[in-house]
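Asker: What follows is a predicted structure for the sequence shown.
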Amino acid sequence: MTARDRILRRLRSAGVEALPPPVLPAAFRVGGALPGEAPVDALRRNLEGAQAVVVDARAGDWRAELARICAARGVRSLLLPPGFALAPWPEGPALRRFDRPIEEFKTSLFEDTDAGLTVAGCAIADTGTLVHADPAGQPRTLSLVPPIHFCLLDPRRLHGSLADAIAAEGWAAPMPSNLVFVSGPSKTADIQQTLAYGAHGPKELYVLLAEAPAGPGE
Amino acid sequence: MQSALNFHRDARAVVGNPVLRAGFRGAMDFLMAKRAAQFPDEGAFAELRAAGEAIRRYSLARLPDLLEQLERNLTANGIRVHWAETPEEACALIIEITAKAGGKLVVKGKSMVSEEVELNHALAGAGIDALESDMGEYIVQLAGERPSHIIMPAIHKTKEEIARLFAEKVPGVDYTDSVDALIQIGRRVLRDKFRETKVGLSGVNVAVAETGTLCLVENEGNGRMCTTVPEVHVAITGIEKVVEKLAHVPPLMTLLTRSATGQAVTTYFNWISGPRRPGELDGPREVHLVLVDNGRSGAYADPRFRATLQCIRCGACMNHCPVYTRIGGHAYGTTYPGPIGKIISPHLLGLEATAPLVTASSLCGACGEVCPVKIPIPDLLIRLRQQSQGNAASPLIPGAGAGRKRLMATAMGLWSRLYGDPGLYRLFAWVATRFRFLAPSRQGAWTDSRAPLKPAARTLGERMADRR
């Protein structure tokens, strides 16, 4: 008999009776997010509360905004998702694409990539959360390893709450190999409860709101 | 395993150390205020908490079925599932996985279960280095210590101590007590390790049976590094951490982050449902899950001790505990300190090693009041005391009766007889009031800091009779 069988047998021998399924509070049911604030305002407030910078580029050109921030922050190299074309690109850092397996360029990814750009699949307003649900199109480390993270978000892809997102996005059938939620720059308060940013992930997060930003293969 | 048998000695040492006392007091006040700010509406909190409890109880009631469903779906997703009854088995499994991957180093995200099974020690025995990558855990490991809090591992250290530690132990680092600079030093050291290591290890905050998903919440990004960059990701968790549905995750994680650090949400929420798939350019090639029992099925067997397994490891009970606040986490001598540690540890280690812990409570009830999944911690402490004294109808825990002392048992037996018989009680009360002058002025530990106890001049019965 294996460890598995012995553990399961002990648990079964307790003879526990089933309980009725839990009833979730309204805020955790689909459509239960608190009304009042416009979702995009809530998203913005929550992200800014977590030290992210939100740039609304819906009326203008998000590429110009991106180039402006890159210049201001001294970004020399920007890593793009696979197949992502950033054109027209006014002038700015050297562009590279995440178009090979990570093993083939780990050193340059870790050591000389100043910033990464991702396109969020959707976002969650009531927690200020950017969702990356497509690990093939948006490699996991793109939002993690470079010290600055730029994230493009189409605000029309906004859900009120996580419960809404789970129901609407149909992740469960089947789940992506990795679903990553980002709600701010990396941080820690492990030394004397003093907040410090850029613990292991990006120190800075810029969220660019743009309708129909350039997609893969544009 | 450190032993809780030195509990009294170790607790006394902390109580006499003003720096540690001030550190813990300050940190606990900070965490309590942050949590309180996240639950401004008592009604909403009560509703959310009831849901948290219901989800955990529902999941535990179906635990064996959910574990099988989880295993099935994880396997279908390409995640290999391993089962360990004991800490030794868990460590052996992880050593085997690491060896097969040709790894000489395991970089670890935060995992209390890995502390519980003493994984670092076992890896060292097999010639494999273990490196903690959570900033607090890294500091504690560098100092050769253990975490003193399950959420804030280095809560017992001042920034000056950490500055001295880094200057001494990290090559090429000068003394700086700027928190930002210290964090950047840790970042630089660990970044190289994330890149180099073949094996990364993490815990699991909750596992979802219906989809075969491992959920991890964190702020630093080290958890994502450990689970994303190396070729092999090994997750380790207790068998109790499973829920049935994705919809059960949001309420539990909201309760967890609000209760633990007073955050509505953590920076990262990482849902792992498999290794790198064709067409993906990063992510681990292999993902393993090690499910650890280590006494949990023993707690599960008893309908009341089962509630111990509802725990989501937020640490709110220790943040609000008057005992923890005064003695910190190390004095307990167990992996899990504070109130939750007092009720879990006897199941993991037996009562011989943990009997002093179950009495180290004033039963003030703060832990039970703040618990986001309503574990009745004070009730369970009383039940553990009965087990420890050998007074329970049946011994349910290894080492039952270990806390029994003859003097205490005799005194309590006498007390029980006096209070169970009205005639004897009246006689006792009459003698005690008339001979009150015989009450000793020194009454052991009681009179170290309090006035001696002395019976009243007249019994309560006599005074009540006067009133009529």
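Answerer: All right, it came through fine.
Asker: Going by C-alpha atoms from here, please, whenever you check contacts or count neighbours.
Answerer: Noted.
Asker: just checking, residue B:223 is part of a strand?
Answerer: No - if the criterion is DSSP: H, G, I helix; E, B strand; the rest coil, then residue B:223 is helix and not within a strand.
Asker: buried stuff in the one helix or strand in chain A whose mean pLDDT sits lowest?
Answerer: Lowest on mean pLDDT, DSSP states H and E among the helices and strands of chain A sits helix A:162-169, with a mean of 93. By neighbour count on 16 or more other C-alpha atoms under 10 Å in any protein chain shown, the buried set for helix A:162-169 is A:162-166.
Asker: from those, which are also near chain B?
Answerer: A:162-163, A:166 (C-alpha under 8 Å from any C-alpha of the partner chain).
Asker: show me the contacts for residue B:106.
Answerer: By C-alpha atoms under 8 Å, 6 or more residues apart in numbering or on different chains, the contact set of residue B:106 is B:98, B:128-131, B:197-201.
Asker: Export those to JSON lines and append columns for pLDDT, secondary structure and distance to residue B:345.
Answerer: Formatted as JSON lines, the contacts of residue B:106 follow (pLDDT from 0 to 100; DSSP: H, G, I helix; E, B strand; the rest coil; distance: C-alpha to C-alpha, whole Å):
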{"residue": "B:98", "pLDDT": "98", "secondary structure": "helix", "distance to residue B:345": "29"}
{"residue": "B:128", "pLDDT": "98", "secondary structure": "coil", "distance to residue B:345": "28"}
{"residue": "B:129", "pLDDT": "98", "secondary structure": "strand", "distance to residue B:345": "27"}
{"residue": "B:130", "pLDDT": "98", "secondary structure": "strand", "distance to residue B:345": "24"}
{"residue": "B:131", "pLDDT": "98", "secondary structure": "strand", "distance to residue B:345": "25"}
{"residue": "B:197", "pLDDT": "97", "secondary structure": "coil", "distance to residue B:345": "33"}
{"residue": "B:198", "pLDDT": "98", "secondary structure": "coil", "distance to residue B:345": "33"}
{"residue": "B:199", "pLDDT": "98", "secondary structure": "strand", "distance to residue B:345": "29"}
{"residue": "B:200", "pLDDT": "98", "secondary structure": "strand", "distance to residue B:345": "27"}
{"residue": "B:201", "pLDDT": "98", "secondary structure": "strand", "distance to residue B:345": "23"}
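Asker: Give me the next element, helix or strand, following whichever strand or helix holds residue A:65.
Answerer: Using DSSP states H and E, the element containing residue A:65 is helix A:62-73. On the C-terminal side of helix A:62-73, the closest following helix or strand by DSSP H and E is strand A:77-80.
Asker: Just the buried positions in whatever helix or strand comes next after that following strand, please.
Answerer: For strand A:77-80, the following helix or strand on the C-terminal side (DSSP H and E) is strand A:94-97. Neighbour-count burial for strand A:94-97 flags residue A:95 (criterion: 16+ other C-alpha under 10 Å).
Asker: Low-confidence stretches in chain A?
Answerer: Where chain A drops to pLDDT under 70, the residues are A:34, A:213-218.
Asker: Okay, strands next: where are they in it?
Answerer: Counting by DSSP state E, chain A has strands at residues A:53-56, A:77-80, A:94-97, A:115-119, A:122-124, A:129-132, A:148-153, A:158-159, A:178-182, A:187-188, A:196-197, A:204-209.
Asker: Including distance to chain B, could those go into a markdown table?
Answerer: Below are these laid out as a markdown table (distance: least, C-alpha to the nearest C-alpha, whole Å):
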| stretch | distance to chain B |
| --- | --- |
| strand A:53-56 | 14 |
| strand A:77-80 | 13 |
| strand A:94-97 | 12 |
| strand A:115-119 | 14 |
| strand A:122-124 | 11 |
| strand A:129-132 | 8 |
| strand A:148-153 | 13 |
| strand A:158-159 | 14 |
| strand A:178-182 | 5 |
| strand A:187-188 | 5 |
| strand A:196-197 | 6 |
| strand A:204-209 | 11 |
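Asker: closest to residue B:46 out of these?
Answerer: strand A:122-124 (24.3 Å; C-alpha to C-alpha).
Asker: what does that closest one rub up against?
Answerer: A:43, A:129-132, A:153-155, A:157-162, A:165.
Asker: Top of those by number of neighbours, please.
Answerer: Neighbour counts for these (other C-alpha atoms under 10 Å in any protein chain shown) peak at residue A:129, which has 29 neighbours.
Asker: In contact with that one, which residues?
Answerer: A:43, A:47, A:123, A:181-184.
Asker: again, 6 Å this time
Answerer: By C-alpha atoms under 6 Å, 6 or more residues apart in numbering or on different chains, the contact list for residue A:129 reads A:123, A:182-183.
Asker: Can I have the buried ones of those residues as a ChimeraX selection?
Answerer: Of the contacts of residue A:129, the buried ones go into a single ChimeraX selection, burial set by 16+ other C-alpha under 10 Å:
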select /A:123,182,183
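Asker: For chain A, which residues are neighbours of chain B?
Answerer: Contact residues (C-alpha under 6 Å from any C-alpha of the partner chain) of chain A with chain B: A:3-4, A:8, A:11, A:14, A:16, A:18-19, A:22, A:24, A:101-102, A:136, A:177-184, A:186-188, A:190, A:196, A:199-201.
Asker: Which of those fall in helices?
Answerer: If you go by DSSP state H, the residues of chain A next to chain B have A:3-4, A:8, A:11 in helices.
Asker: And for residue B:408, the neighbour number?
Answerer: For residue B:408, using other C-alpha under 10 Å, the count is 11.
Asker: hang on, it in a helix?
Answerer: Yes - under three-state DSSP, residue B:408 sits within a helix.
Asker: Any chance of TSV for the contacts of residue B:106, columns distance to chain A and neighbour count?
Answerer: Shown next, in TSV, are those (distance: C-alpha to the nearest C-alpha, whole Å; neighbours: other C-alpha atoms under 10 Å in any protein chain shown):
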residue	distance to chain A	neighbour count
B:98	19	22
B:128	23	18
B:129	20	16
B:130	18	21
B:131	15	21
B:197	12	18
B:198	11	22
B:199	14	30
B:200	15	30
B:201	16	29
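Asker: tell me the angle of the helix holding residue A:65 relative to strand A:115-119?
Answerer: 160 degrees (axes from the mean of the first three to the mean of the last three C-alpha atoms, to 10 degrees).
Asker: And helix A:62-73, what's buried?
Answerer: For helix A:62-73, by 16+ other C-alpha under 10 Å, it's A:62-64, A:66-67, A:70.
Asker: Is it possible to get JSON lines of those that adds distance to residue B:457?
Answerer: Formatted as JSON lines, the buried residues of helix A:62-73 follow (distance: C-alpha to C-alpha, whole Å):
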{"residue": "A:62", "distance to residue B:457": "86"}
{"residue": "A:63", "distance to residue B:457": "88"}
{"residue": "A:64", "distance to residue B:457": "89"}
{"residue": "A:66", "distance to residue B:457": "85"}
{"residue": "A:67", "distance to residue B:457": "87"}
{"residue": "A:70", "distance to residue B:457": "84"}
